[in-house]
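>>> Quick one, structure for this:
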Amino acid sequence: MSSLTDAAPRRPEQSRPGRRGLSFTGRNRAETLVFLIPAILFFALCFVFPLGYGVYMSTTDFTTGTFFTGKAPFVGLDNFVDIFSTPLLGKAVINTIVITVVSVVVELVVGFALALHFNRRFPGSRWLPMLLLIPWLLPAVVVGTIWKWLLSGDGAVNDILHALGLPTNAWLADPSTALWAVIAVSIWGALPYWVTILGAALKQVPDEQLEAAQLDGAGAWKRLIHIIIPSVWPVISVLVVMSIVYTLLIVDLVLVLTQGGPADNTVTLGLLSYRSAFQLFEFGNAGAYGMVLLVISLLFAGIYTWLSRRGERREQ
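Model (predicted):
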């Protein structure tokens, strides 16, 4: 018979629900949130705040005095009415769209062709792509200054054309050629970026698939259409959208090359926004031009995204 002093075996104490630590799922969510906070703050400070402030400026009479008084009377859509009554708006929209469409199409086609070429092994295939990066690394102001001298009436381009017996021209001063000269310089500056990114994407295309297709009798064109392009399509999609948005906002290159001339034949929406803000000090109108650019950018991005998804559905 056991003594009364013998203690009964104790059950392990269960911790109260309130004292338990976070579960594995809870810790995962907390860690994810901690890592997301810097990205969320960056997005809010660098995108949401400037966008919201741009909308605010476009609906107020924001002038230089606002920086001192902090007062900007609300004017509603008056700034938009003002810019839409500007005779240059139509020409600026057309020039902006022409520069964007032509530049992105040429950069895509020529950049992809050069990337395919440099993806092969030949003497200089390793260091030539590095040299191609130089135009892209140069600031747009430097690029514009160099090409302004090259395309002038007594510039190097005309000297070469004259030596070859071809007609010369003051390319940036002629209304019929100024816009195309701006487009050519824009393509020259952005092309190395396309070649570099597409070249890196092409290296990820499986060699086994290409070799198997070649053994099955598929020619170079079929391998390009059915294997190479689908493999790098996600990269192409991102490049196209980024280039559209970047080219729509072109200001510095046009400002250095032509300042919107001759006779406003190269004026763009970005340049009109620049003039309103830093020459006329009409910041409300500048914000309105910015909102028009935003709508056009979203329209381009939406159309391209829709076409891309439609193409993917057809392939499936």
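
>>> give me the low-pLDDT residue ranges for the stretch 1-150 of the chain?
Scanning the stretch 1-150 of the chain for pLDDT under 70 picks out 1-22, 24, 124-125.

>>> how does it look with 80?
Residue ranges of the stretch 1-150 of the chain with pLDDT under 80: 1-28, 30, 70, 120-132.

>>> ranges for the helices of it?
24-43, 49-58, 66-69, 78-84, 88-118, 128-132, 134-137, 140-150 (DSSP state H, counting those that start in this stretch).

>>> Would you mind getting the angle between the second one and helix 24-43?
For the pair helix 49-58 and helix 24-43, the angle between their directions (axes from the mean of the first three to the mean of the last three C-alpha atoms, to 10 degrees) equals 40 degrees.

>>> Could I have the CA atoms of helix 49-58 written out in PDB?
Extracted in PDB, the C-alpha atoms of helix 49-58 (Å, rounded to 0.1, in the frame of the first residue of the first chain):
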ATOM      1  CA  PHE A  49       3.300  59.900 -54.000                       C
ATOM      2  CA  PRO A  50       4.600  61.400 -57.200                       C
ATOM      3  CA  LEU A  51       1.600  60.200 -59.100                       C
ATOM      4  CA  GLY A  52      -0.800  61.600 -56.500                       C
ATOM      5  CA  TYR A  53       1.100  64.900 -56.400                       C
ATOM      6  CA  GLY A  54       1.000  65.100 -60.200                       C
ATOM      7  CA  VAL A  55      -2.800  64.600 -60.100                       C
ATOM      8  CA  TYR A  56      -3.000  67.300 -57.400                       C
ATOM      9  CA  MET A  57      -0.900  69.800 -59.500                       C
ATOM     10  CA  SER A  58      -3.000  69.100 -62.600                       C
END
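
>>> Not counting that helix itself, show me its contacts.
Residues outside helix 49-58 that contact it (C-beta atoms under 8 Å, 6 or more residues apart in numbering): Ala72, Asn79, Phe80, Phe283, Gly284, Ala286, Gly287, Ala288, Gly290, Met291, Leu294. For every residue, glycine as well, the C-beta is placed using N, CA and C.

>>> elements contacting whichever strand or helix holds the last one?
Secondary structure assignment for Leu294, by DSSP states H and E: helix 283-315. Under the contact criterion of 3 or more C-beta pairs under 8 Å, 6 or more residues apart in numbering; DSSP states H and E, helix 283-315 touches helix 49-58, helix 78-84, helix 88-118, helix 229-248, helix 269-278.

>>> Mind giving me the packing neighbours of the host helix or strand of Ala190?
Using DSSP H and E, Ala190 sits in helix 178-202. Applying 3+ C-beta pairs under 8 Å, 6+ apart, we find helix 178-202 packed against helix 88-118, helix 128-132, helix 134-137, helix 140-150, helix 229-248, helix 252-257.

>>> With distance to Ile236 and mean neighbour count added, can I get the helices of the stretch 1-150 of the chain in a markdown table?
As requested, these are exported to a markdown table (distance: least, C-beta to C-beta, whole Å; neighbours: other C-beta atoms under 10 Å):
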| stretch | distance to Ile236 | mean neighbour count |
| --- | --- | --- |
| helix 24-43 | 25 | 10 |
| helix 49-58 | 27 | 15 |
| helix 66-69 | 43 | 10 |
| helix 78-84 | 34 | 17 |
| helix 88-118 | 7 | 18 |
| helix 128-132 | 18 | 14 |
| helix 134-137 | 18 | 13 |
| helix 140-150 | 24 | 17 |
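
>>> quick one: which of the ones you listed is nearest Ile229?
Closest of the helices of the stretch 1-150 of the chain to Ile229 is helix 88-118, at 8.5 Å (criterion: C-beta to C-beta).

>>> Run the angle between the closest one and helix 178-202 for me.
Calculated by the same axes, to 10 degrees, helix 88-118 forms an angle of 40 degrees with helix 178-202.

>>> What is helix 88-118 packed up against?
Checking 3+ C-beta pairs under 8 Å, 6+ apart, helix 88-118 ends up next to helix 128-132, helix 178-202, helix 229-248, helix 269-278, helix 283-315.

>>> Export the contacts of helix 49-58 as TSV, with columns for distance to Thr266.
Output for these, formatted as TSV (distance: C-beta to C-beta, whole Å):
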residue	distance to Thr266
Ala72	32
Asn79	24
Phe80	24
Phe283	24
Gly284	25
Ala286	19
Gly287	23
Ala288	21
Gly290	20
Met291	23
Leu294	22
